[in-house]
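A.B. asks: have a look at this fold, sequence not included:
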């Protein structure tokens with residue numbers, strides 16, 4: 001660089017909580033000759049924790065986590081609304097005929113009505129407590145061997161959308177950062193839980209996840225708070241469709257099955273962040 005007083009070199013040091021700079025004048029040979037000016041700007045770091053030991057965390061982490069949670073809830077609600085409407089269009093769920101309320105309220109009222117009917121139906125075939133707490137799992141088990149009504153079949157599909165299991169979308173391998181280490185640790189807990197559940201399913205000779213849960217005593221073992229994989233739900237969906245297509249070939253067409261599969265299990269890929277990587281001469 002050159003000014004009116006002659007050429008000079010500007011050096012900048014970028015730190016996590018400061019920016020230092022200095023300007024050196026150059027002689028005719030282009031070598032540093034004298035110090036023109038020097039300074040530093042110190043500011044509050046946008047992180048908390050010990051920066052020197054690398055145990056710091058961005059102040060935006062909590063805000064980002066809350067935003068991602070809101071986005072996940074919004075996408076799940078939209079996906080379930082789309083599935084519910086599609087099932088109604090193909091007579092797999094009843095139309096709403098109650099008082100005027102919003103779409104979410106209509107779904108809630110219809111599903112509660114169906115669940116009460118299922119509880120009364122299964123109460124005659126099993127004990128009242130199991131029928132009251134696990135009617136949907138009893139229905140999913142029955143779907144593997146006997147015909148369901150179209151509305152029962154639609155309720156089974158919608159139940160799969162409410163509990164569709166874990167599917168990892170992590171692409172980074174070999175990342176040694178603190179964040180990556182925490183994600184690896186969390187993923188290890190989830191995968192260990194899924195493996196334990198898969199072992200239990202094999203030991204009981206259950207054909208699907210729903211059949212295994214239907215065999216549990218709700219007063220002894222809980223169905224909720226278990227790690228499940230997305231593949232378990234995909235396998236059960238395929239088995240239910242294979243059997244129920246024998247009884248409802250006009251409803252479970254190839255197009256209908258593919259559309260329901262898409263609404264149940266499709267997961268958007270991770271968005272590329274390559275545009276955030278800046279050029280570097282080094």
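C.D. replies: Yes, it's here. Nothing here was measured: the structure is a model prediction, and the numbers come from that model.

A.B. asks: now do the buried residues in the one helix or strand residue 73 maps to.
C.D. replies: Following DSSP states H and E, one finds residue 73 within helix 61-89. Within helix 61-89, the residues scored as buried using 16 or more other CB atoms under 10 Å are 79, 80, 83, 84, 86, 87, 88. For glycine as for every other residue, the C-beta is placed from the backbone atoms N, C-alpha and C.

A.B. asks: same question for stretch 87-106.
C.D. replies: So for stretch 87-106, counting by 16+ other CB under 10 Å, buried means 87, 88, 90, 92, 93, 96, 106.

A.B. asks: end to end, how far does it reach?
C.D. replies: 14 Å (CA to CA, to the nearest Å).

A.B. asks: identify the residues contacting that stretch?
C.D. replies: The contact list for stretch 87-106 (CB atoms under 8 Å, 6 or more residues apart in numbering) reads 77, 81, 84, 109-110, 114, 150-151, 153-155, 157-158, 251, 256, 260.

A.B. asks: buried ones in the helix or strand hosting residue 234, by neighbour count?
C.D. replies: Secondary structure from DSSP H and E places residue 234 in helix 230-244. Neighbour counts over helix 230-244 (16+ other CB under 10 Å) mark 230, 232, 233, 234, 236, 237, 239, 240, 241, 243, 244 as buried.

A.B. asks: out of those residues, who's nearest residue 137?
C.D. replies: residue 236 (10.7 Å; CB to CB).

A.B. asks: tell me the contacts of that closest one?
C.D. replies: 140, 160, 208, 209, 210.

A.B. asks: one more time with 7 Å
C.D. replies: 140, 208, 209, 210 (CB atoms under 7 Å, 6 or more residues apart in numbering).

A.B. asks: then residue 190?
C.D. replies: Contacts of residue 190 (CB under 7 Å, 6+ apart): 166, 227.

A.B. asks: go on, residue 241?
C.D. replies: Here residue 241 is in contact with 252, 257 (CB under 7 Å, 6+ apart).

A.B. asks: ok, it to residue 109 distance?
C.D. replies: 27 Å (CB to CB, to the nearest Å).

A.B. asks: and if you look at residue 84?
C.D. replies: Applying CB to CB to residue 84 and residue 109 gives a distance of 12 Å.

A.B. asks: try residue 64
C.D. replies: From residue 64 to residue 109 the distance is 36 Å (CB to CB).

A.B. asks: report the distance from the helix or strand containing residue 119 to the chain centre.
C.D. replies: Per DSSP H and E, residue 119 falls inside helix 103-123. Distance, stretch centre to chain centre, for helix 103-123: 26 Å (CA atoms, centre = their mean, to the nearest Å).
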